[in-house]
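In: sequence? don't have it. structure:
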C-alpha cells in the first residue's frame, strides 16, 4: 500500500479537530482515527520530524535542536542539517523493499537527501536559486517553472508588518502546494512526505491576534481571523489531494508539535549571572547575546543557550577547557540547579511551573554532546531568552524578533487507511509511534532500531499475511519434513 503523509508543522489539535468549517478534515475524521500526539522533548521542528520518521528520540539521533554543541569547547555550536541525522528512516525501509519515495520540505532537508526517488529541501535551504536543493537536480528547474520561483520559507517572518507577513505566508504555501500536487500526480511514488511550514509561521506571527487569552491580544484587531483562514486554506488543499489518491493509499495528517500562547520570556543567562553561576568580566550596558559577552570561564559554573526552551550546560573539570565543577560533585550540583529552575517564579511572584529534564532520564541513548539539562520555562508558556543586559528577568520582547506563540508538547494526528482497525478519537499516541504504525499498515518490515510501537499491532488490522488454507499447506509441508 502507498503511504501519503501531509505534515502540518505546529498544527494545533484544539483548532483542527474543532473547526466545523474544515469539511475535508471532518470527512477524514469520520473515516479514520485521530487525536492528540505527544511530541518529543524538546518539541521543536528539528529534530522532531526526523524523530517521527526514524522512530528514535533526540538523544539517540544526537540532535537536540537547530544548534548543537559540536565539542566541549565554549564556542563549538553547529547548525543541524540533513547530514546530521543518519538514522534509518521510513523512506529507507521503503527503498530497501524496492519502492520509491518523494520528500518535500521534511526538516532538516538541506542538502537534499539522496533517496530512491525525489527530495526537495526544507526551509533550511539558503537560496532556492543559487543552491541545489533538489534530488535529482533537474527537479529544481521544474519547481521554478511551476511556481515562478519556488520558496521554502518566508524570509524575515519575525516582523511587525502583519499585512505583508500574511500575504507572504499564503503565497509561499500556494507555491509549495502547487509543487506537491504536481509531484503527486506526475511522479512515481510509494511513499510521499510533505511538511507545510506555513502553519508554523502563521502561528508564530498571529497567535496573539487570534487567542483572546494572549497577554498581548487586542480584541477586534484586523488579524484575528488569519489563523482560521490558514486552516481553511489547508483544508481545501487536503480536499484536492484526496481526489488524487486511490482507496488503497494510507493518508496521514500529522504535526511535529502543537502551538500555545507565549506569556513572555525568561532571561536565563541574566538569572545565572545574578545567581553567581555565570561570571562576566564586564557587565554589558545594553542587551548582548551570550556569544558576545566577556565570560570569565575560569569562574563560571553554568551557561545556557536561549530559544523556545533552554539548553543548560555545566562547566565540568576534565570535560570543558576551563572546567570548574569537580566531576565527583557533578550530580549533586546538577540536582541543586534543577531544583533552582523548578522553584522559579513568574513576573507576578507565582510559581512559573518550569519543567527540567536530564537527558539520560528521557532518552534511550545520549549521543554526541547533549545539554546537561533541558528546561521548559513555565511548561513552555515562557520562552528562554539568552541575552544579558535587560536589567530584569521577565520580558515581553523576544531576542530574535516578534513571536506570538511557543510550541506545545502535544500535536495531532489524523490517520485514514482502508485496513486500519482503529476508528474515532484515540488518546495515548506518541510521535515515535507513527513510523512503526505506517510501516505496519503498509506491509513493510519494522526496523528493529525503531523505538515506538505500532498502534495497530494486534488490533485486528487487515494486511498481508497467510490465509488459513495456505497456513495448513505450510504446516503439512513442515510436518512432512519432520520440523513439526
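Out: That came through fine. No experiment lies behind these values; they were computed from the predicted model shown.

In: from the middle of its chain, how far away would the longest helix seen in the chain be?
Out: The residue-count maximum for a helix in the chain (DSSP state H) belongs to helix 162-186. From the chain centre to the centre of helix 162-186 is a distance of 20 Å (C-alpha atoms, centre = their mean, to the nearest Å).

In: which helices and strands sit right next to the following helix or strand past that helix?
Out: The first helix or strand that comes after helix 162-186 along the chain, using DSSP states H and E, is strand 191-196. On a contact count with 3 or more C-beta pairs under 8 Å, 6 or more residues apart in numbering; DSSP states H and E, strand 191-196 meets strand 2-8, helix 90-96, strand 101-104, helix 162-186. For glycine as for every other residue, the C-beta is placed from the backbone atoms N, C-alpha and C.

In: Residue 205 touches residue 157, doesn't it?
Out: Yes - contact criterion C-beta atoms under 8 Å: residue 205 and residue 157 qualify, at 6.2 Å.

In: what comes into contact with the longest helix of the chain?
Out: 4, 102, 104-105, 118, 120, 142-143, 146-154, 157, 159, 189, 192, 194, 196-198, 201-202, 205-206, 209, 222-223, 226, 230, 233, 237, 240-241, 244-245 (C-beta atoms under 8 Å, 6 or more residues apart in numbering).

In: coming back round to it: of residue 205 and residue 157, which one has the most company?
Out: residue 205 (27 against 22; other C-beta atoms under 10 Å).

In: May I ask you to confirm that the more buried one belongs to a strand?
Out: No - going by DSSP: H, G, I helix; E, B strand; the rest coil, the assignment for residue 205 is helix, not a strand.

In: if we can go back for a sec, now, of the contacts of helix 162-186, which are buried?
Out: 4, 102, 104-105, 118, 120, 142-143, 147, 150-154, 157, 189, 192, 194, 196-198, 201-202, 205-206, 209, 223, 226, 230, 233, 237, 241 (16 or more other C-beta atoms under 10 Å).

In: From start to finish, how long is stretch 314-322 in a straight line?
Out: 11 Å (C-alpha to C-alpha, to the nearest Å).

In: Stretch 264-284 now?
Out: 22 Å.

In: any idea of the mean pLDDT for it?
Out: Taken as a whole, stretch 264-284 has a mean pLDDT of 97.

In: how far out from the middle of the chain is that stretch?
Out: That offset, for stretch 264-284, works out to 29 Å (C-alpha atoms, centre = their mean).

In: same deal with stretch 357-370?
Out: Using C-alpha atoms, centre = their mean, the offset of stretch 357-370 from its chain centre is 18 Å.

In: can you start the count at 165 instead of 1 from here on
Out: Got it, the first residue is 165 from now on, which makes the last one we talked about stretch 521-534.

In: Do I have it right that residue 529 meets residue 251?
Out: No - contact criterion C-beta under 8 Å: residue 529 and residue 251 do not qualify, at 10.8 Å.

In: how does this structure divide up, domain by domain?
Out: 166-426+571-606, 428-566 (automatic domain parsing).

In: Run through the residues that contact residue 429.
Out: 546-549, 558-563.

In: Output the residues you listed as JSON lines; include the columns secondary structure and pLDDT.
Out: As requested, the contacts of residue 429 are exported to JSON lines (DSSP: H, G, I helix; E, B strand; the rest coil; pLDDT from 0 to 100):
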{"residue": "546", "secondary structure": "strand", "pLDDT": "96"}
{"residue": "547", "secondary structure": "strand", "pLDDT": "95"}
{"residue": "548", "secondary structure": "strand", "pLDDT": "96"}
{"residue": "549", "secondary structure": "strand", "pLDDT": "95"}
{"residue": "558", "secondary structure": "strand", "pLDDT": "97"}
{"residue": "559", "secondary structure": "strand", "pLDDT": "95"}
{"residue": "560", "secondary structure": "coil", "pLDDT": "90"}
{"residue": "561", "secondary structure": "coil", "pLDDT": "78"}
{"residue": "562", "secondary structure": "coil", "pLDDT": "77"}
{"residue": "563", "secondary structure": "coil", "pLDDT": "73"}
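
In: What subset of these is buried?
Out: Counted by 16+ other C-beta under 10 Å, the contacts of residue 429 give 546-549, 558-559, 562-563 as buried.

In: For residue 183, state which of those residues is nearest.
Out: Nearest to residue 183 out of those is residue 547 (C-beta to C-beta; 26.6 Å).

In: hang on, residue 598 is in a helix, isn't it?
Out: Yes - counting by three-state DSSP, residue 598 is found in a helix.

In: pretty sure it contacts residue 218?
Out: No - assessed by C-beta under 8 Å, residue 598 is found out of contact with residue 218, at 10.3 Å.

In: Can you list the residue ranges for strands in the stretch 465-614 of the chain?
Out: With DSSP state E, counting those that start in this stretch as the criterion, the stretch 465-614 of the chain has strands at 466-469, 474-478, 519-521, 537-540, 546-549, 558-559, 569-572, 574-580, 588-589, 593-594.

In: Which of those sits closest to residue 293?
Out: Nearest to residue 293, of the strands of the stretch 465-614 of the chain and by C-beta to C-beta, is strand 569-572 at 30.7 Å.

In: Show me what the closest one pairs with in its sheet, parallel or antiparallel.
Out: strand 422-425 (antiparallel) (DSSP bridges).
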